[in-house]
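Chemist: Okay, sequence plus prediction incoming.
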Amino acid sequence: MKILGIGNAIVDVLCKVDDEFLIKNSLTKSTMKLIDETEFKNLLSGLSIEDTISGGSVANSIVGLSQLGNDVGFIGKVNDDDLGQKYENGLQKEKVNFLYSKKKEPIPTGTCLILITPDSERTMCTFLGTAGKVNDKDVDSEQIKKAEITFLEGYLWDEGEPKKAFDKAILNSNKVAMSLSDLFCVERHKSQFLELVKNKLDIIFSNEQEILSLIGSKSFDDAITFGKNLNKNIVITRGEKGAIAVTKGEVVECAAEKNLNIIDLTGAGDLFAAGYLHGVINGMNIKDCLHKGTELSSKIIQKIGARI
């Protein structure tokens, strides 16, 4: 297996809203907020559902990698309920090895309400459900050892048990990639993330806001210097400014694609990571890895949802 992803197994529920809806419900645009099941149902009531898709950040990336013809797998916890079955079917349809045997759990499969505003930005309200209970017993060390790269998401740090799965995966991995996931996620776990970036990760995916928050700076030049001082592969997406990879002291840039019909930014970072990792496992140089990531992210933002 080329890449094994471990992340929150979440069913995405996509809805279009106006900015007033976010203000009324005290939601910060373009961020992810953890909510309980009751709050999820209250927010959803009265909204029109555009689509329902098996999602989760790393899972989206893994599906993208599979669509490019790579042998990939995913570990994430779902309940043996209707949504859990829908989730598993969604991955199997995309030829992803789903390496978790679902069983009856006391709480339902996790769901994420993705609110898309007219400017195409997405704001996420996540009820983790069973997804937030993935633990070290759910991670098969032998499967981890077989994969060239283990891909993790920062969102796993929002609950206690997943950290055990996280640690076990890192301990048994040949190479570890991780997405910082979300600005608020970085701010919640800054010291732990900084320690991971410096000492345990090989490839780090971040956007500009996340990396600046991580290092406590407002200057992007500081982020470049930070990357140069580490013997890592730090990949930073910058929206219209393109993307940059800092590796072994070298800085490689890639321009953003122009004249796109942007509809929904959901999954832009996830698919960028898929394209970049596709390049890594297929021997592409850094420039071509960035181009492949940009190509996939440009495709996904011109449609609703995080699946090409």
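Modeler: Thanks, I have it.
Chemist: Please make it C-alpha for all contacts and neighbour counts, starting now.
Modeler: Will do.
Chemist: per-residue confidence at the residue nearest the centre of the chain?
Modeler: Closest residue to the average C-alpha location of the chain: Ser57 at 2.7 Å, with C-alpha atoms, centre = their mean. Looking at Ser57, its pLDDT stands at 92.
Chemist: Please give me every residue in contact with it.
Modeler: Ser57 is in contact with Gly7, Asn8, Glu153, Ser181, Gly267, Asp270, counting by C-alpha atoms under 8 Å, 6 or more residues apart in numbering.
Chemist: where does the stretch 151-300 of the chain dip in pLDDT?
Modeler: 158-159 (pLDDT under 70).
Chemist: Go ahead and list the helix or strand containing the spatially most distant residue from the centre of the chain.
Modeler: Residue farthest from the centre of the chain, counting by C-alpha atoms, centre = their mean, is Gly46 at 28.1 Å. Assigned by DSSP states H and E, Gly46 falls within no helix or strand.
Chemist: hang on, the earlier thing: can you pick out the ones from the contacts of Ser57 that are in strands?
Modeler: Glu153 (DSSP state E).
Chemist: quick one: which of the contacts of Ser57 is most hemmed in?
Modeler: Neighbour counts for the contacts of Ser57 peak at Asn8, which has 31 neighbours (criterion: other C-alpha atoms under 10 Å).
Chemist: was I right about it contacting Gly129?
Modeler: No: under the criterion of C-alpha atoms under 8 Å, Asn8 is not in contact with Gly129, lying 9.6 Å apart.
Chemist: Could you tell me the end-to-end distance of stretch 236-244?
Modeler: 5 Å (C-alpha to C-alpha, to the nearest Å).
Chemist: what's the spacing between it and its chain's center?
Modeler: Relative to its chain's centre, stretch 236-244 lies at 16 Å (C-alpha atoms, centre = their mean, to the nearest Å).
Chemist: same check, this time on stretch 46-54
Modeler: Worked out by C-alpha atoms, centre = their mean, stretch 46-54 lies 20 Å from the chain centre.
Chemist: which residues are in contact with it?
Modeler: With C-alpha under 8 Å, 6+ apart as the test, stretch 46-54 has contacts from 9-17, 86-88, 90-91, 305.
Chemist: Mind listing what's buried along that stretch?
Modeler: Thr52, Ile53, Ser54 (16 or more other C-alpha atoms under 10 Å).
Chemist: I'd guess the first one is in a helix, am I close?
Modeler: No: counting by DSSP: H, G, I helix; E, B strand; the rest coil, one finds Thr52 to be strand, located in no helix.
Chemist: hey, what's it bridged with?
Modeler: Val13 (DSSP bridges).
Chemist: Going forward, the N-terminal residue is numbered 13.
Modeler: Sure, I'll start numbering at 13, so the last one becomes Thr64.
Chemist: Please, where are all the strands along the stretch 13-162 of the chain?
Modeler: With strands called from DSSP state E, counting those that start in this stretch, the stretch 13-162 of the chain shows them at 15-18, 22-28, 44-46, 61-67, 84-87, 109-110, 122-128, 134-139, 161-165.
Chemist: who does the last one pair up with?
Modeler: Strand partners for strand 161-165, identified by DSSP bridges, are recorded as strand 15-18 (parallel), strand 188-191 (parallel).
Chemist: number of nearby residues for Asp234?
Modeler: 15.
Chemist: which SS state does it fall under?
Modeler: Following three-state DSSP, the label given to Asp234 is helix.
Chemist: How about Ala257?
Modeler: strand.
Chemist: Helices of the stretch 163-312 of the chain, residue ranges please.
Modeler: 172-184, 195-200, 202-211, 220-227, 232-240, 280-293, 298-312 (DSSP state H, counting those that start in this stretch).
Chemist: Mind putting those into TSV with distance to Met13?
Modeler: Shown next, in TSV, are those (distance: least, C-alpha to C-alpha, whole Å):
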stretch	distance to Met13
helix 172-184	14
helix 195-200	29
helix 202-211	24
helix 220-227	30
helix 232-240	29
helix 280-293	11
helix 298-312	20
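Chemist: which one of those helices lies closest to Thr43?
Modeler: Among the helices of the stretch 163-312 of the chain, the nearest to Thr43 by C-alpha to C-alpha is helix 195-200 (7.0 Å).
Chemist: Between the two ends of stretch 194-209, what distance do you get?
Modeler: Counting by C-alpha to C-alpha, the terminal residues of stretch 194-209 are separated by 15 Å.
Chemist: now swap in stretch 35-52 and tell me
Modeler: Note: stretch 35-52 ends 16 Å apart using C-alpha to C-alpha.
Chemist: Contacts made by that stretch with the rest, please.
Modeler: Against stretch 35-52 from outside (C-alpha under 8 Å, 6+ apart): 34, 125, 133-141, 194-196.
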